[in-house]
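Asker: Give me a 3D structure for the following:
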Amino acid sequence: MSTTKLFCFPYAGGSGVMYNRWRPLLDPSIELQMIEIPGRGRRFADPLVHTLDEMADDLLRQMRGALDGSPFLLFGHSMGALLVYELARRIRAELGLEPAHAFFSGRYPPHYLEIHRYHELPDDEFQQCVARLGGLPDELLANPPVLKLFLNVLRADFAAVETYQHHDTTPLRCDISVLYGEDDVDMAICDPREWARYTTGTCRWHGYPGGHFFIHEHAERIVRLINHQLNAKEVQS
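Answerer: Reported below is the predicted structural model:
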């Protein structure tokens with residue numbers, strides 16, 4: 001049985017470990033690849049990076065050995081969706097490879113400029129802002145040293161997203177899926193269908209009940225979608 005690699009990338013402040021819960025749900029032919037962003041997870045001791053370009057370049061260096069010509073999928077949520085887009089561009093330009101499918105979750109298209117500058121706020125205001133966005137679990141608030149470390153990671157990620165600028169207008173060639181929370185206020189500024197301009201392949205949209213972090217509430221449905229897209233691609237080939 002041939003294997004298809006699945007590379008997954010997290011939202012701001014997150015770690016690739018968040019996708020471990022998908023393993024038992026994935027099609028047996030899908031191999032989950034754990035690629036970590038500097039400053040978290042097993043790369044906790046590595047210096048943080050503060051731009052999307054630095055992140056994408058670092059991630060591609062880690063991925064090169066696994067990009068051996070076998071089929072692969074890319075999935076990213078929020079900040080991770082921007083990373084998927086930038087990585088797909090780099091992989092095509094540098095290696096001549098294209099993903100079998102790319103999944104963009106919880107993020108408006110790259111041509112929409114980020115209007116917030118949360119990463120420039122003083123520490124107290126930044127923490128209050130993150131709390132309003134729903135990004136501070138009670139266990140973090142109860143542990144100030146760990147909270148400080150987490151906020152440092154989050155500030156670096158916010159800086160990367162909030163300073164990101166999209167320049168290349170060359171579309172991808174793979175099919176893509178766009179996932180979004182039907183109550184996600186961040187998505188209210190755009191029409192998710194505008195993602196279609198970023199590929200010459202097919203673009204499909206999938207709405208889920210919930211807000212920005214719908215990805216946690218609907219893990220089984222999302223993995224079923226990934227499995228379905230893989231199987232549909234195999235039928236077509």
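Asker: the strands in this protein, which residues?
Answerer: 4-9, 30-33, 72-77, 101-105, 175-181, 203-208 (DSSP state E).
Asker: Which of these sits closest to P122?
Answerer: Ranking these by proximity to P122 (Cβ to Cβ) places strand 72-77 first, at 28.0 Å. C-beta here means a position set from N, CA and C on the backbone, and glycine is covered the same way.
Asker: Just the C-alphas of that closest one, formatted as CSV.
Answerer: Extracted in CSV, the C-alpha atoms of strand 72-77 (Å, rounded to 0.1, in the frame of the first residue of the first chain):
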residue,chain,number,x,y,z
PHE,A,72,1.9,14.6,0.3
LEU,A,73,-0.9,16.8,1.7
LEU,A,74,-0.7,20.1,3.5
PHE,A,75,-3.1,21.2,6.3
GLY,A,76,-2.9,24.4,8.3
HIS,A,77,-5.2,26.3,10.7
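Asker: residues in contact with that strand?
Answerer: Strand 72-77 has contacts (Cβ atoms under 8 Å, 6 or more residues apart in numbering) with 4-11, 14, 19, 30, 66, 82-85, 87-88, 97, 99-107, 179, 215, 226, 229-230.
Asker: try stretch 221-229
Answerer: 6, 22, 25-27, 30, 73, 75, 101, 103, 105, 175, 177, 179, 206, 208, 215.
Asker: ok now it, how far from the chain's centre?
Answerer: Relative to its chain's centre, stretch 221-229 lies at 16 Å (Cα atoms, centre = their mean, to the nearest Å).
Asker: So which residues of the chain form helices?
Answerer: For the chain, helices defined by DSSP state H occupy the ranges 52-63, 79-95, 123-132, 138-141, 144-162, 214-217, 219-236.
Asker: Not counting its own residues, what contacts the fifth one?
Answerer: Yep, that's helix 144-162 we're talking about. So helix 144-162 is in contact with 12-13, 39-40, 48-52, 54-55, 79, 82, 114, 116-119, 123, 126-127, 130, 135-136, 140-141, going by Cβ under 8 Å, 6+ apart.
Asker: Looking at that helix now, give me its mean pLDDT.
Answerer: Helix 144-162 shows a mean pLDDT of 92.
Asker: which stretches of this protein have low pLDDT?
Answerer: 1, 135, 232-237 (pLDDT under 70).
Asker: And the contacts of helix 144-162, which of them are buried?
Answerer: 12-13, 39-40, 48-50, 52, 55, 79, 82, 118-119, 126-127, 130, 135-136, 140 (16 or more other Cβ atoms under 10 Å).
Asker: what's the spacing between E86 and G80?
Answerer: 11 Å (Cβ to Cβ, to the nearest Å).
Asker: If you count surrounding residues, which of the two has more?
Answerer: Between E86 and G80, G80 has the larger neighbour count (other Cβ atoms under 10 Å), namely 30 against 22.
Asker: Chain neighbours aside, what residue packs nearest to the more buried one?
Answerer: Once flanking residues are discounted, G80 sits nearest to F9: 3.4 Å by Cβ to Cβ, 6 or more residues apart in numbering.
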